[in-house]
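Novice: Here is a sequence together with a model predicted from it:
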Amino acid sequence: DAGITQSPRYKITETGRQVTLMCHQTWSHSYMFWYRQDLGHGLRLIYYSAAADITDKGEVSDGYVVSRSKTENFPLTLESATRSQTSVYFCASSESQGWETQYFGPGTRLLVL
Amino acid sequence: GQQLNQSPQSMFIQEGEDVSMNCTSSSIFNTWLWYKQDPGEGPVLLIALYKAGELTSNGRLTAQFGITRKDSFLNISASIPSDVGIYFCAGQSNTNAGKSTFGDGTTLTVKP
């Protein structure tokens, strides 16, 4: 199906484990983003990517790693998960950095025990 | 970093009532965006505003870009049950490389 998808939709892990969240878009959008949403709060930018092999940090990037070897995929890795990383993670894509509409995926709900 | 204050935090209204919410910032933004998030879903863009003073409508929704460029307002007229959700404002600034700064959201509950 066309659009932006995230997997898994739900994940439970333990402190210290490495976790990778996947994001895939079929529009060939240049820009992709990762946000986290904590209960009662808005979205905070973790990382973004302007194109394949180009990534940059957002405001809450500590403890996260991204890669973008292909335009359509933008995986987010928690190198050693902590309880404070329990959150809902949203991936988004857009034609340009933000002046155009960002299309959001359905989110991944991550619980770190 | 840039901060947005969105209010109210939550609203409980009767079907048919009008709704107003707003976002304010200490910083100037070049673009204001309003999103709606349904439970279990990602945000969806409702309205984008690009010029100070701009007033834009999308059906029963009307949003305005404040003259000072530090605030924006969203109004929903004649609310219906499917308006339930969380509404987020977001601002974008040339000085922040176009990245979006999000408010904490307004949770809207509509009683039939």
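Specialist: Cool, got the structure.
Novice: how far out from the middle of the chain is the lowest-mean-pLDDT helix or strand in chain B?
Specialist: Scoring the helices and strands of chain B by mean pLDDT, DSSP states H and E places strand B:100-102 at the bottom, with a mean of 87. Put simply, strand B:100-102 sits 11 Å off its chain's centre (Cα atoms, centre = their mean, to the nearest Å).
Novice: what helices or strands is that strand leaning on?
Specialist: For strand B:100-102, the packing partners by 3 or more Cβ pairs under 8 Å, 6 or more residues apart in numbering or on different chains; DSSP states H and E come out as strand A:43-51, strand B:85-92. All C-beta spots, glycine's among them, are computed from the backbone N, C-alpha and C.
Novice: Take those strands and write them to CSV, including mean pLDDT.
Specialist: Converted to CSV, the helices and strands packed on strand B:100-102 look like this (pLDDT from 0 to 100):
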stretch, mean pLDDT
strand A:43-51, 92
strand B:85-92, 94
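Novice: highest average neighbour count across the ones you listed?
Specialist: Highest mean neighbour count of the helices and strands packed on strand B:100-102: strand B:85-92, a mean of 25 (counted as mean count of other Cβ atoms under 10 Å in any protein chain shown).
Novice: on contacts alone, who are the packing partners of it?
Specialist: strand B:4-7, strand B:19-25, strand B:31-37, strand B:71-76, strand B:100-102, strand B:106-111.
Novice: Need the pLDDT of the closest residue to B:Q9 other than its chain neighbours.
Specialist: Nearest residue to B:Q9 in three dimensions, chain neighbours excluded: B:T106, at 6.6 Å (Cβ to Cβ, 6 or more residues apart in numbering or on different chains). With respect to pLDDT, B:T106 scores 95.
Novice: now B:P39
Specialist: Note for B:P39: predicted pLDDT of 88.
Novice: got it, and B:Q2?
Specialist: At B:Q2, the model reports a pLDDT of 66.
Novice: ok, now A:A2?
Specialist: pLDDT for A:A2: 63.
Novice: go on, B:G66?
Specialist: For B:G66, the model assigns a pLDDT of 96.
Novice: Now for it: which residues touch it?
Specialist: B:52-53, B:72-73 (Cβ atoms under 8 Å, 6 or more residues apart in numbering or on different chains).
Novice: What is the nearest of those residues to B:Q64?
Specialist: B:F73 (4.8 Å; Cβ to Cβ).
Novice: For chain A, see how far away the closest one is.
Specialist: Applying Cβ to the nearest Cβ, to the nearest Å, one obtains 17 Å for the distance of B:F73 from chain A.
Novice: Dig out what that residue forms beta bridges with.
Specialist: With DSSP bridges as the criterion, B:F73 is bridged to B:N22, B:Q64.
Novice: Double-check it against B:M21; I have them as touching.
Specialist: Yes. The pair B:F73 / B:M21 is scored as a contact, 7.3 Å apart, by Cβ atoms under 8 Å.
Novice: Those two: who's more crowded?
Specialist: B:M21 (23 against 19; other Cβ atoms under 10 Å in any protein chain shown).
Novice: Just give the nearest non-adjacent residue to that one, would you?
Specialist: B:M21 sits nearest to B:T106 (Cβ to Cβ, 6+ apart), 4.5 Å away.
Novice: The one you found: what's it in contact with?
Specialist: Counting by Cβ under 8 Å, 6+ apart, B:T106 makes contact with B:6-11, B:21, B:86-88.
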